[in-house]
Every structure is written in C-alpha cells, then in structure tokens.
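**Student:** What shape does this take:
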Amino acid sequence: MKKLNLLYILFCVGFISNAQIQEENFNGNSLPSGWSATTPTSGCTWQFGYTGNLEGSGSGSSPIYASFASGGVIFNDDDCGLDKNNYIELEGPTVDLVAANVVSAGIELVYNHQTFGVSGNFMVDVWDGSTWQNVLFVDADDTAPNTGTSQTANIDVSAYINSSFKVKFIYDDENTLTWGVGVDNYKLLNTATANIGDLVDLGFNYYPNPVVDDVLTLQANEEISIINVYNMIGQKVIAKKPITLESKLNMENLPEGMYIVNVAIGKKEGSFKVIKQ
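**Tutor:** All right, here's what the predicted structure looks like:
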C-alpha cells in the first residue's frame, strides 16, 4: 500500500507539472523577471525573498508566527508609519493562453493577510484582454487577524482566457496604519481534462468543474466500478465503488482546493482534476 501511495504521489507531481503554465515563488530578493511593481507616494514598497516573521502574527497565549521559510514577497504597512496612504500593486508577466490552447485555467495562491483594526484589503485581479477583473477580494473586516496560518486560494479563471492574460496583486491599507500581506507562491495552471482518453468511448463525462455545490456527477454508458479521490499530496480522501451508470460524489467535507479523481470502468481507467470551491 505504501508503494502504491508513493507511485500515486509521483503521478500527482507529474500531473501538476504538465498542467503548470506559470509559477513564481518569490524566493529571490529582488523583483522577479517580467514582473512590475508600483510604489505609493509614501515611498514604501514590496520586499522580496522575505523569510522573517510577518508583522502582526504571533499574538495570544500560544502564538504561531507566520513566515515563509524559503522566502516570499510581503508588504509591511507597519514599517511605513502613521498617516501614510498605501495602495500598492504587483503585476505578473503576460502569457498567451490562446496560443497555448488552454480552455480551462486556474490560479493557486498561497498568501497570508495580517490585519490591525480590521483595516487593509488584499485583492487579486486578472486581465481579460481589455480590462482588469477582480477574482479574489480578501476583506479585512472578514479576516481573523494575527493568524500564523497561511491561506491557499484556488481560483477558476477560465472565463478570462485570452492572448494577453496576466495577474495582479493589490494591497490597500484603507488609509490606516495596519500590518500588511505576504504571498509565498503563485501558480497559473491548465485545469483542462487530462488522461480520460480511454474512457471517452465508454461515454464517460463529469460535471461541474469547478465543483461549487459540493457534488460532482460522473456518468458513463457502462457501470462505473471504482472512484478514488486524491488531494495534492497524494492522500486518498474519498473511495467509492458505485457499480452504477451515474454516481454523485459528495465533496462537502473536503476543503476547497484541487483534487485528482481516478475512475475505473471495467478494465479501463482515467484520471482528471477538479477544483472544489
């Protein structure tokens, strides 16, 4: 069983690698190639390759300090001092998703948002070819402040595929002294169907993707015998033997994120990935 799990982890790694279109880990101590950044009138700016504790984390009787061990990019609003209005942007390089034949795309983002006095908003926008579209808005009013736990956002951006796609991170301190935000890793992924060619002649299909209401429906012209769902570190999180032409997979108890679904119909198998929102 351990050997099987290891093989599947390796499969997951290869699956993700093939799907990856763009990535930036911000480990270096300078602005990455192809990226651009604004500097607000306060003169404060982004810090790259930051490995220290994030300002504002580690409070309480059992503090957990937020940090990016291998480096990340942060904006420390507290360093700027009082009476400074900071609205700052970090924009990624352009990528032609049309030429790459991408029909389904998603962003995976690891970030940490620190608030003080429920102030300071973090946003992610994408360029749809003619204008910026907001795809993530982290409101300081809805954020538990001073946590040491980073968040992972999986964002479907399929509706914005174009020949000049790019991403932009925005931080707005709302004209108030607060802590700031940090980003550890950004990935742009091709989330299109993968490796179900052997199942196509069996009438196999699945929907919806992303899974927005907790239920993934799988259908085929022959009985679906096995369904296994794995997370991104290769752990099996759902195992089912429906022996039916249609199976509804309840993903309610799984956290939001990306999963690999392995399906067996008779002697044929296929794998694909879904995003649970």
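**Student:** Using PDB, list the CA coordinates for stretch 249-256.
**Tutor:** Extracted in PDB, the C-alpha atoms of stretch 249-256 (Å, rounded to 0.1, in the frame of the first residue of the first chain):
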ATOM      1  CA  LEU A 249     -19.700  12.300  -5.400                       C
ATOM      2  CA  ASN A 250     -20.300  14.300  -2.200                       C
ATOM      3  CA  MET A 251     -17.300  16.500  -1.600                       C
ATOM      4  CA  GLU A 252     -18.900  18.500   1.200                       C
ATOM      5  CA  ASN A 253     -16.400  17.500   3.800                       C
ATOM      6  CA  LEU A 254     -13.300  18.300   1.700                       C
ATOM      7  CA  PRO A 255     -11.600  21.700   2.000                       C
ATOM      8  CA  GLU A 256     -11.600  24.000  -1.000                       C
END
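**Student:** Would you mark the buried spots in that stretch?
**Tutor:** Taking 16 or more other Cβ atoms under 10 Å as the neighbour-count basis, stretch 249-256 is seen to contain the buried residues 249, 251, 254. Where you see a C-beta, it was placed from the backbone N, CA and C, and this is true even at glycine.
**Student:** where exactly do the helices run in the stretch 101-250 of the chain?
**Tutor:** Per DSSP state H, counting those that start in this stretch, the stretch 101-250 of the chain has helices spanning 197-200. These are given in chain order.
**Student:** Low-confidence regions, it specifically.
**Tutor:** By pLDDT under 70, the weakly predicted segments of the stretch 101-250 of the chain are 142-148, 191-195, 197.
**Student:** can you give me the strands for it?
**Tutor:** Secondary structure of the stretch 101-250 of the chain, counting by DSSP state E, counting those that start in this stretch: strands at 105-114, 121-127, 132-138, 151-156, 167-172, 180-190, 205-207, 215-224, 226-230, 236-240, 244-250.
**Student:** and the second one, which strands flank it?
**Tutor:** For strand 121-127, sheet partners with direction are given as strand 132-138 (antiparallel), strand 167-172 (antiparallel), following DSSP bridges.
**Student:** So which of those strands is nearest residue 80?
**Tutor:** Nearest to residue 80 among the strands paired with strand 121-127 is strand 167-172 (11.4 Å), distances taken as Cβ to Cβ.
**Student:** Contacts for the closest one next, please.
**Tutor:** Residues outside strand 167-172 that contact it (Cβ atoms under 8 Å, 6 or more residues apart in numbering) are 75, 77, 86-92, 107, 120-127, 132, 180-181, 183, 186, 188.
**Student:** Make a ChimeraX selection of whichever of these turn out to be buried.
**Tutor:** With 16+ other Cβ under 10 Å as the burial test, the buried ones among the contacts of strand 167-172 are selected in ChimeraX as follows:
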select :75,77,86,88,89,90,91,92,107,120,121,122,123,124,125,126,127,132,180,181,183,186,188
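**Student:** Using a markdown table, lay out the strands of the stretch 101-250 of the chain together with distance to residue 66.
**Tutor:** Conversion of those to a markdown table gives the following (distance: least, Cβ to Cβ, whole Å):
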| stretch | distance to residue 66 |
| --- | --- |
| strand 105-114 | 5 |
| strand 121-127 | 14 |
| strand 132-138 | 14 |
| strand 151-156 | 10 |
| strand 167-172 | 15 |
| strand 180-190 | 7 |
| strand 205-207 | 37 |
| strand 215-224 | 33 |
| strand 226-230 | 28 |
| strand 236-240 | 26 |
| strand 244-250 | 33 |
